[in-house]
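Enquirer: Need the 3D shape of this:
(chains A and B)
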2 protein chains.
Amino acid sequence: MSHYVIISADCHAGPDSPAYREFLDPPYRADFDDELAERERLLESTRFTGDDEFQEEWFGAEEEGTSLHEIGLRGGWDAATRDKELDNDGVCAEVVFPGPDAVTGTMGAPFGAGFNPVATRSPGHLLAGARAYNRWAAGMCTESPQRRRGLIVAPILGDLDGAIAEIRRAHDEGLIGGVIIPPQWTGHASYTSHAYDPVWAVCEELGLPVHCHSGPAPREEYGEARGWMSVYGYETIFFTARPLWFMLLTGVFERFPRLKMAVTEAGCFWVTDMLWRMDMMATREHGMRKLVDPRGVLTMLPSEYFDRNCAIGASNTRRRELGRRYEIGVGNIMWGNDFPHPEGTWPYTRKFLKDRFWDVPVDETERILGLNQAEFYGFDLGMLKSLAERIGPTPEDLGQTDPAAFEKWEPYKQAGRPWLTDHEAWDVPPRRDR
Amino acid sequence: MSHYVIISADCHAGPDSPAYREFLDPPYRADFDDELAERERLLESTRFTGDDEFQEEWFGAEEEGTSLHEIGLRGGWDAATRDKELDNDGVCAEVVFPGPDAVTGTMGAPFGAGFNPVATRSPGHLLAGARAYNRWAAGMCTESPQRRRGLIVAPILGDLDGAIAEIRRAHDEGLIGGVIIPPQWTGHASYTSHAYDPVWAVCEELGLPVHCHSGPAPREEYGEARGWMSVYGYETIFFTARPLWFMLLTGVFERFPRLKMAVTEAGCFWVTDMLWRMDMMATREHGMRKLVDPRGVLTMLPSEYFDRNCAIGASNTRRRELGRRYEIGVGNIMWGNDFPHPEGTWPYTRKFLKDRFWDVPVDETERILGLNQAEFYGFDLGMLKSLAERIGPTPEDLGQTDPAAFEKWEPYKQAGRPWLTDHEAWDVPPRRDR
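Expert: Numbers count the residues shown, from 1 in each chain, chains lettered A, B, ... in the order given. So this is what the prediction gives:
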């Protein structure tokens, strides 16, 4: 059997924060020095500690430098370590987001620039921080262009024109994977506004998919009562994905038919109900009739825009989510190992893939693990196939050896999107007349 | 076959706005007169117009006074019309929320009091408006106590002590169905805060379930671009249900073990994934490990609190939602016809029930259509059974005549909540060793 070409749609890279100094425009270096001096205090609020068992697994090590935390952080900037860890995981290529340290938070770019850029500083600072990251990332990603697609941090909420210029600059410098937009817009026009059309236009022109990545949530609404972090953990999916429906339902993909968008590391379980409910509104289902028909803005069904323009960087995809793949769209799910974050599958990816995919048909596994990513981001599959021969798992390795195991999916495949086919999986064979 | 006792967990009552004047404390009447004078202008922003087909169905009539709009509004305050319409729908009893006019909005209580009380006026005005509605509703509901359970509008965000006193007063006056809390708290402490414990305490003491009802959403974030109303329609489910996870995850049901809570007219499709994700956090699933364990606050699984303390007023329940009933909990779903709102099933309830329930086992249908409501709200089933003999549909009427039709659910029933049983419906019979 041939080897899977696995492309992780969700990885993180970056150096330890002080290293950004040389990539920062000189006028901002003094302020960054102040930020570094306050670093310990600032990091307190972004630290995830987990319980003792997690602490032991993540930070424990026989020798210095060999804990998962240390290896992962070194892999954040050292290409040799990084490639070795990806090889071990069976991952041929990756899409690179900022912020490798998602536990103690030590590797942030200046002024909060990262995969969840929040507008807490002046527009000038935000843009300078983004530029510093983008410059660093271009260096990292252009070293092995076949294997890495870097993303541009684009703080479009403050200095819109400056952010657009930075998108062009960073793209020219080699960050061709896409653009990361801020997921929350408190105090700014929402993503329904046509004011952002120039951003969508440049992304469409340069073939740069727009990204939102998990992490955001209105922390200030959670208060200080014990348990607030669970509320955060629960809600961040919604707030991460939110720009997608703001944009889709107000016609961004109607105005920019070639614009692409991905929501990354927010799972994909919610896509089924999102498409169902959007399509119900568009088709004026009984309970939706009194709302204005989105077809006043859209010429296709919402799910059709989703299929044409969007994809989900589903990262550590759960069994439950794979069970919904015919509703989400097998062609829309892009798996990722989230290296080097502990909520991802690294360094256990081979085991996770076997547990999750053992009964998923090979052609669908191929799509979700790599083909979708290759098409969405324009990776050269030919180049990656030879690497896959060496490191990629085979269907056999994933336990996909018994054709009978795949049969269970037939009713789900037939049902597809039940609100469009008019039958759910439990209705297959189609319900009798009644 | 015996007749179903159907109890609608979601109905709306109220008079035309000017009628509230006499129920309002005199010092607030002048301000209410000003509000009434501005009524037309205020109503513009809350009007749902739908398309031509909807307009024709809802407002069209051969004779004056016979359109669905006119019948429904009359049923908002005229008990004879109301009972006749419920009879026609096969509904024996109802839980009464404010706001019968959800199309043109003409029947709001003073100062925005209603099923979605928003803090736009002074705390004194909000409380006065709520009191006016509560006084009116007590009159309506105590006339036929067997058939109607009225809810108390409780604006707990402004004058907390005043709202608690009003809960006691209105309860004594006969509103024993529960309490409606504001679903959004902009500018106030969020529902994670222990500052609201006195509210939960009085609700627990008096046996009044806390309610959130659909409608809320941060309108100001949607801008003015065409299509914004679709964003509203999509997001209102999240913002309606939001207090549930704020309260559950920060231990409100741990501190108040007999407190009950219902989320009404926000569907129930989302409950499956909510429970799954909350339980994953509590059991430190791989991707959740770095978040603090909610068991630091909770002594049971989140889904266990949900089963013990919560229920869903699922209103116009879709087939897709009924297909998830073993995950949501057959005992947690409370159907409703949403009389007299056009997004509900009135006046077509008998047809809707047949389309939706034809293959749902009789004992489960019984629970979802009435038994759950009777237990949650304390209706006297004995009294209602004789009414059901006259107006309630039978299993035969719902097409539940073929025992073979029920067999399809066996794998779903066995799977239950898959994250706890460790197998999904597609894994039944349990997956083989691999």
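Enquirer: Not counting sequence-adjacent ones, nearest residue to the residue nearest in space to the middle of chain A?
Expert: Nearest residue to the geometric centre of chain A (Cα atoms, centre = their mean): residue A:264, 1.8 Å. Using Cβ to Cβ, 6 or more residues apart in numbering or on different chains and skipping the chain neighbours, the partner closest in space to residue A:264 is residue A:313 (3.1 Å). In short, each C-beta sits where N, CA and C put it, glycine included.
Enquirer: Then residue A:374?
Expert: residue A:381 (5.1 Å).
Enquirer: So which residues of the stretch 251-400 of chain A form helices?
Expert: Assigned by DSSP state H, counting those that start in this stretch, the helices in the stretch 251-400 of chain A fall at A:252-255, A:271-282, A:302-309, A:319-322, A:325-328, A:349-357, A:362-366, A:372-377, A:381-391.
Enquirer: rewinding a little: do I have it right that the residue nearest to the centre of chain A meets residue A:151?
Expert: No: Residue A:264 is beyond contact range of residue A:151, at 9.3 Å (criterion: Cβ atoms under 8 Å).
Enquirer: circling back to that earlier point, JSON lines for the helices of the stretch 251-400 of chain A, including mean pLDDT, mean neighbour count and distance to residue B:140?
Expert: Shown next, in JSON lines, are those (pLDDT from 0 to 100; neighbours: other Cβ atoms under 10 Å in any protein chain shown; distance: least, Cβ to Cβ, whole Å):
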{"stretch": "helix A:252-255", "mean pLDDT": "98", "mean neighbour count": "20", "distance to residue B:140": "47"}
{"stretch": "helix A:271-282", "mean pLDDT": "96", "mean neighbour count": "22", "distance to residue B:140": "33"}
{"stretch": "helix A:302-309", "mean pLDDT": "98", "mean neighbour count": "20", "distance to residue B:140": "41"}
{"stretch": "helix A:319-322", "mean pLDDT": "97", "mean neighbour count": "20", "distance to residue B:140": "45"}
{"stretch": "helix A:325-328", "mean pLDDT": "98", "mean neighbour count": "22", "distance to residue B:140": "44"}
{"stretch": "helix A:349-357", "mean pLDDT": "97", "mean neighbour count": "19", "distance to residue B:140": "55"}
{"stretch": "helix A:362-366", "mean pLDDT": "98", "mean neighbour count": "18", "distance to residue B:140": "57"}
{"stretch": "helix A:372-377", "mean pLDDT": "98", "mean neighbour count": "22", "distance to residue B:140": "57"}
{"stretch": "helix A:381-391", "mean pLDDT": "96", "mean neighbour count": "15", "distance to residue B:140": "69"}
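Enquirer: can you list those in JSON lines and add distance to residue B:171?
Expert: Listed next are the helices of the stretch 251-400 of chain A as JSON lines, based on distance: least, Cβ to Cβ, whole Å:
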{"stretch": "helix A:252-255", "distance to residue B:171": "49"}
{"stretch": "helix A:271-282", "distance to residue B:171": "36"}
{"stretch": "helix A:302-309", "distance to residue B:171": "44"}
{"stretch": "helix A:319-322", "distance to residue B:171": "42"}
{"stretch": "helix A:325-328", "distance to residue B:171": "45"}
{"stretch": "helix A:349-357", "distance to residue B:171": "52"}
{"stretch": "helix A:362-366", "distance to residue B:171": "57"}
{"stretch": "helix A:372-377", "distance to residue B:171": "57"}
{"stretch": "helix A:381-391", "distance to residue B:171": "68"}
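Enquirer: what about those helices, which gets the closest to residue B:122?
Expert: Judged by Cβ to Cβ, the one of those that comes nearest to residue B:122 is helix A:271-282, at 36.3 Å.
Enquirer: which outside residues touch the closest one?
Expert: Identification of contacts with helix A:271-282 by Cβ atoms under 8 Å, 6 or more residues apart in numbering or on different chains yields A:241, A:245, A:248-249, A:287-288, A:291, A:293-295, A:298, A:301-303, A:306, A:312, A:324, A:327-329, A:332, A:417-420, B:230, B:233-234, B:237, B:269-270, B:273, B:320.
Enquirer: Show me what secondary structure element comes after the helix or strand of chain A with the lowest mean pLDDT.
Expert: Lowest mean confidence among the helices and strands of chain A (mean pLDDT, DSSP states H and E): helix A:39-44, at a mean of 76. Next helix or strand after helix A:39-44 toward the C-terminus (DSSP states H and E): helix A:52-59.
Enquirer: ok so, going back, the residue nearest to residue A:264: how many residues sit nearby?
Expert: Residue A:313 is flanked by 29 other residues according to other Cβ atoms under 10 Å in any protein chain shown.
Enquirer: ok, now which ones touch the residue nearest to the centre of chain A?
Expert: For residue A:264, the contact set (Cβ under 8 Å, 6+ apart) comprises A:9, A:10, A:95, A:97, A:211, A:212, A:213, A:214, A:312, A:313, A:315, A:336.
Enquirer: count of residues packed around the fourth one?
Expert: Number of residues near residue A:97 (other Cβ under 10 Å) recorded here: 30.
Enquirer: I'd like the contacts of residue A:264 written out as JSON lines, with distance to residue B:428 and pLDDT added.
Expert: Compiled in JSON lines, the contacts of residue A:264 are given as follows (distance: Cβ to Cβ, whole Å; pLDDT from 0 to 100):
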{"residue": "A:9", "distance to residue B:428": "32", "pLDDT": "98"}
{"residue": "A:10", "distance to residue B:428": "32", "pLDDT": "98"}
{"residue": "A:95", "distance to residue B:428": "37", "pLDDT": "98"}
{"residue": "A:97", "distance to residue B:428": "38", "pLDDT": "97"}
{"residue": "A:211", "distance to residue B:428": "38", "pLDDT": "98"}
{"residue": "A:212", "distance to residue B:428": "36", "pLDDT": "97"}
{"residue": "A:213", "distance to residue B:428": "36", "pLDDT": "95"}
{"residue": "A:214", "distance to residue B:428": "32", "pLDDT": "93"}
{"residue": "A:312", "distance to residue B:428": "27", "pLDDT": "98"}
{"residue": "A:313", "distance to residue B:428": "31", "pLDDT": "98"}
{"residue": "A:315", "distance to residue B:428": "28", "pLDDT": "95"}
{"residue": "A:336", "distance to residue B:428": "30", "pLDDT": "98"}
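Enquirer: who wins for most neighbours among the residues you listed?
Expert: For these, counting by other Cβ under 10 Å, the largest number of neighbours falls to residue A:9: 32 neighbours.
Enquirer: Now do whichever helix or strand that residue is part of: which elements does it pack against?
Expert: Taking DSSP H and E as the definition, residue A:9 sits inside strand A:7-12. Here strand A:7-12 touches strand A:93-97, strand A:261-264, strand A:310-315, strand A:333-335, helix A:372-377, going by 3 or more Cβ pairs under 8 Å, 6 or more residues apart in numbering or on different chains; DSSP states H and E.
Enquirer: ok, residues contacting the fourth one?
Expert: Going back to what we said before, that points to strand A:333-335. With Cβ under 8 Å, 6+ apart as the test, strand A:333-335 has contacts from A:6-9, A:262, A:268, A:311-315, A:317, A:321, A:325, A:367-369, A:372-373, A:376.
Enquirer: quick revisit: and the residue nearest to the centre of chain A, how close does it get to residue A:239?
Expert: 14 Å (Cβ to Cβ, to the nearest Å).
Enquirer: now residue A:200
Expert: 21 Å.
Enquirer: What about the residue lying closest to residue A:72 once chain neighbours are set aside, how many residues nearby?
Expert: Distances taken as Cβ to Cβ, 6+ apart place residue A:340 nearest to residue A:72, at 2.8 Å, with adjacent residues excluded. Residue A:340 sits with 26 neighbouring residues when counted by other Cβ under 10 Å.
Enquirer: Ok, residue A:344 next?
Expert: Neighbour count for residue A:344, taken as other Cβ under 10 Å: 26.
Enquirer: So the spatially closest residue to it that is not a sequence neighbour versus residue B:384, what's the distance?
Expert: Take residue A:344 and drop its neighbours on the chain: the residue closest to it by Cβ to Cβ, 6+ apart is residue A:338, 2.5 Å away. From residue A:338 across to residue B:384, the span is 54 Å (Cβ to Cβ).
Enquirer: Same check on residue A:225?
Expert: Distance of residue A:225 to residue B:384, computed by Cβ to Cβ: 41 Å.
Enquirer: I am finished for the moment; much appreciated.
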